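Visitor: Need the 3D shape of this:
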Amino acid sequence: MLLAPRYLPRLTALVRLFTRHGLRDLARQQGLHALAPDEFEGTEEAGDYRERAAALRRELVALGPAYVKLGQLMSTRPDLLPEPYIEELAELQDDVAPIPFSDVREVIESELGTRLSKLFECVDEEPLGSASLGQVHAATLRDGRAVVIKVQRPGIRASLADDMDFFREAARFLEAHTGAGQRLDLAGIVRQLEQALIEELDYRIEARNAQSLRLTLAEFPHLIVPRVIEAYSTASVLTTERVLGVKVRELPQVTRLEHDFGRLAEELARAYLKQIAIAGHFHADPHPGNIFVVLPGRPNPRTPAEHAARDRRDARRREATPLMRLEGDARDAAAAPAEPDEPKLALIDFGMTAHLSDAMRERVVQLLLDLSENRGSEVAETLVDLGDARAGFDRSAFERDIASLVARNHDRAVGEMQAGRVLFELLGAAYEHGIKLPGELTLLAKTLFNLDGVTRALDPEFVPADAINSYLVQIATKRAREEMAPARLFRLASQTTALMSALPHRLDRITERLADNDFTLRIDSPEMPVLLRSLQKIANRILAGLVLAGLLIASAMLLPYQEVLGLTGFVLAAGFGFYLVITILFKDRESRM
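Guide: Predicted coordinates:
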């Protein structure tokens, strides 16, 4: 596999990007030194890895959205990067020059089908934020509601398509020619990157995510998820209620003295545990820039509980769209509203979410419980069950290392225990021992890592392990009660009765077949057709070799008596032998490729 000439300079520049920022030895170990040999002369310079990681983060932002998303994806791969880079890239956010308001106006009017002045009472021309994929503006609807409009940058899809073409071709090239490509699933990483970009470029997906999480978090009265204004939203324009709050790391000290933010940290942790352990759909980007503290007395979006408390209708109105039905379900599921003088937390930006299957969710719950209760051997067993161990995996050594790691972190001081960091260390140990874990688990580690930072910014004394343990024990207890519910016990008894009724007849049929020598055993192996084709290829080559040997012997015997016929036989044998060798070489090379 050869790289297109137009992409070769970009691949070399990508390698240089990492070698310039303290990852020269890592790139050399992965077999990338041949792509930029000048960058590998001499030894790695000593320096502050934290500062180099920050410089790498800034340069990725400058390169554009595809590289920003690549950096965010790499922050979930402890098998690829050292810890300082993982931590720095986990907070990777882009902040680029704004696009002209005339372009914003054109996109909104094109997407929504009418003039801006008919849609909104006013739109602030100065953006609230400008990223590489889109730009956000404050606005006011005709009914007076404060909203924000996220508008996709014009031409961004074509730019990203070119970057993704380069990443795909570079991944195929590296897999064929470098040590990194042979060891890592680079094509899988690129596919994951492409899927993340596809979801972030379609604002309808973000709208569904927001409304789904608004329903999931309806039982938490202090958490706000802004409603999506569906009539003003499309694939390239997203309009939501506006949050007027303070970033968690910018809370004034006097405000901390007036309110109990430890309660908010507890509720936020429980909300994320519910997303992970019950819903199986969680907000995967809870960094401090996406979570705001909403103080009492300021106009802000209402929670489903507050909407339900103000609703005086006797019957629920019939909803016309799926998003409206989700809102109705959220109001039905809402708990009692918070007191008016209590602060709240608002979550925004739901472009990055993750889904867990039922089986994965059960394993994750068990993993977090074992981790919080210092059960290292059970943690190791769960990781083995979740992952795919390569040949030569030493299970005993892995269990010893995991047990030691869990115990070491469990014995830390209260202020040092961080669930997200511990999970990253577990993933790194698993990769070192040769266990390939699902991508959802690395996203979970990134989520908990960011959540650690937010909860500690709210309350420095907050202990994530205690919240995990208490809430997950409640979940386990609730599931146990559900398993013992009368309806479930009746269903189980019915199934058992049916089995016991049919069992004598089935045993009788089995014994009859054994007595009649009519009992057969069938084994299905997915590799059997491949093995048979390989054996057939070997047999064909042996037969061809025997025919060639016979032709040579016969020609040699004829040569003293029939010189022309003998020479003809030698020529035919040479041609046949040459054809056979060439065919074998090309077929084997094609199989290896």
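Visitor: May I ask you to confirm that residue 504 belongs to a helix?
Guide: Yes - the assignment for residue 504, made by DSSP: H, G, I helix; E, B strand; the rest coil, places it in a helix.
Visitor: got the buried residues for the helix or strand containing residue 564?
Guide: Per DSSP states H and E: residue 564 is located in helix 563-592. Within helix 563-592, the residues scored as buried using 16 or more other CB atoms under 10 Å are 566, 569, 573, 577. Placement of C-beta: from N, CA and C, glycine included.
Visitor: what's that helix packed up against?
Guide: When contacts are defined as 3 or more CB pairs under 8 Å, 6 or more residues apart in numbering; DSSP states H and E, helix 563-592 sits against helix 528-558.
Visitor: and the helix it packs on, which residues are buried?
Guide: For helix 528-558, the buried set under the neighbour-count rule, 16+ other CB under 10 Å, comprises 544, 548, 551-552, 555, 558.
Visitor: For it, what is the distance to the chain centroid?
Guide: Centroid separation between helix 528-558 and its chain, computed with CA atoms, centre = their mean, to the nearest Å, is 51 Å.
Visitor: what helices or strands is it leaning on?
Guide: Where contact means 3+ CB pairs under 8 Å, 6+ apart, helix 528-558 is packed against helix 563-592.
Visitor: Just give me how far the helix it packs on sits from the chain centre.
Guide: Distance, centroid of helix 563-592 to centroid of chain: 52 Å (CA atoms, centre = their mean).
Visitor: quick one: it to helix 528-558, angle?
Guide: Angle, helix 563-592 to helix 528-558, by axes from the mean of the first three to the mean of the last three CA atoms, to 10 degrees: 160 degrees.
Visitor: Report the distance from the helix or strand that residue 365 is a member of to the chain centre.
Guide: According to DSSP H and E, residue 365 maps onto helix 358-372. Centroid separation for helix 358-372 versus its chain: 17 Å, with CA atoms, centre = their mean.
Visitor: those strands in the stretch 201-350 of the chain, which residues are they?
Guide: 223-224, 237-241, 246-247, 281-283, 291-294, 344-347 (DSSP state E, counting those that start in this stretch).
Visitor: Output the ones you listed in CSV, with mean pLDDT, mean neighbour count and distance to residue 207 appended to each entry.
Guide: Below are these laid out as CSV (pLDDT from 0 to 100; neighbours: other CB atoms under 10 Å; distance: least, CB to CB, whole Å):
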stretch, mean pLDDT, mean neighbour count, distance to residue 207
strand 223-224, 95, 26, 16
strand 237-241, 96, 23, 6
strand 246-247, 89, 14, 24
strand 281-283, 90, 23, 14
strand 291-294, 92, 23, 19
strand 344-347, 94, 23, 14
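Visitor: Quick check: pLDDT value at residue 486.
Guide: Looking at residue 486, its pLDDT stands at 64.
Visitor: swap that for residue 593, please
Guide: Here, the pLDDT recorded for residue 593 equals 53.
Visitor: can you tell me how far the closest residue to residue 261 other than its chain neighbours sits from residue 266?
Guide: What sits nearest to residue 261 in space, not counting adjacent residues and going by CB to CB, 6 or more residues apart in numbering, is residue 458, at 4.3 Å. If you measure residue 458 against residue 266 using CB to CB, to the nearest Å, the figure is 9 Å.
Visitor: now residue 407
Guide: 26 Å.
Visitor: same check, this time on residue 421
Guide: For residue 421, the distance to residue 266 - CB to CB - is 20 Å.
Visitor: cool, residue 300 as well?
Guide: Applying CB to CB to residue 300 and residue 266 gives a distance of 21 Å.
Visitor: And for residue 387?
Guide: Counting by CB to CB, the separation of residue 387 from residue 266 is 32 Å.
Visitor: again with residue 405
Guide: 27 Å.
Visitor: what do you get for residue 348?
Guide: For residue 348 relative to residue 266 (CB to CB), the value is 21 Å.
Visitor: Please apply the same query to residue 471.
Guide: 9 Å.
Visitor: again, but for residue 11
Guide: In this view, residue 11 and residue 266 are 48 Å apart by CB to CB.
Visitor: got the residue ranges for the helices in the stretch 51-200 of the chain?
Guide: 65-74, 83-90, 101-112, 116-119, 156-177, 179-183, 186-201 (DSSP state H, counting those that start in this stretch).
Visitor: Mean neighbour count for these - can I get that in JSON lines?
Guide: Formatted as JSON lines, the helices of the stretch 51-200 of the chain follow (neighbours: other CB atoms under 10 Å):
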{"stretch": "helix 65-74", "mean neighbour count": "22"}
{"stretch": "helix 83-90", "mean neighbour count": "21"}
{"stretch": "helix 101-112", "mean neighbour count": "17"}
{"stretch": "helix 116-119", "mean neighbour count": "14"}
{"stretch": "helix 156-177", "mean neighbour count": "17"}
{"stretch": "helix 179-183", "mean neighbour count": "16"}
{"stretch": "helix 186-201", "mean neighbour count": "17"}
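Visitor: Residue 368 is nearest to which of those helices?
Guide: helix 83-90 (19.1 Å; CB to CB).
Visitor: Quick check: which helices or strands does the one helix or strand residue 443 maps to pack against?
Guide: Counting by DSSP H and E, the element that carries residue 443 is helix 439-458. Other helices and strands packing on helix 439-458, by 3+ CB pairs under 8 Å, 6+ apart, are helix 83-90, helix 261-274, strand 281-283, strand 353-355, helix 358-372, helix 419-432, helix 464-483.
Visitor: CSV for those, including distance to residue 344?
Guide: Below are those laid out as CSV (distance: least, CB to CB, whole Å):
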stretch, distance to residue 344
helix 83-90, 26
helix 261-274, 8
strand 281-283, 16
strand 353-355, 21
helix 358-372, 26
helix 419-432, 23
helix 464-483, 18
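Visitor: mean pLDDT for those: which is lowest?
Guide: Lowest mean pLDDT within the helices and strands packed on helix 439-458: helix 464-483, at a mean of 70.
Visitor: Around residue 351, how many other residues sit close by?
Guide: Using other CB atoms under 10 Å, residue 351 is surrounded by 23 other residues.
Visitor: quick one, what contacts the residue nearest to it when sequence neighbours are not counted?
Guide: Excluding the flanking residues, the one nearest residue 351 by CB to CB, 6+ apart is residue 200, at 4.4 Å. Counting by CB atoms under 8 Å, 6 or more residues apart in numbering, residue 200 makes contact with 69, 133, 206, 351-352.
Visitor: related to what we said a few turns ago, Provide the contact partners of the helix holding residue 365 at residue level.
Guide: Here helix 358-372 makes contact (CB under 8 Å, 6+ apart) with 273, 276-277, 280, 356, 376, 378-379, 382-383, 385-386, 406, 419, 422-423, 426, 438, 440-441, 444, 465-466, 468-469, 472-473, 475-476.
Visitor: Kindly write the ChimeraX command that selects the buried subset of those.
Guide: Selection of buried members from the contacts of helix 358-372 for ChimeraX, criterion 16+ other CB under 10 Å:
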select :273,276,277,280,356,376,378,379,382,383,386,406,419,422,423,426,440,441,444,465,468,469,472
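Visitor: Where do the strands of the stretch 1-150 of the chain begin and end?
Guide: 120-123, 129-130, 134-141, 146-152.
Visitor: before we move on, the earlier item: farthest pair in the contacts of residue 200?
Guide: 69 and 206 (14.8 Å).
Visitor: For stretch 52-66, list every residue counted as buried.
Guide: Neighbour-count burial for stretch 52-66, counted by 16+ other CB under 10 Å, picks out 52-54, 56-57, 60-61, 63-66.
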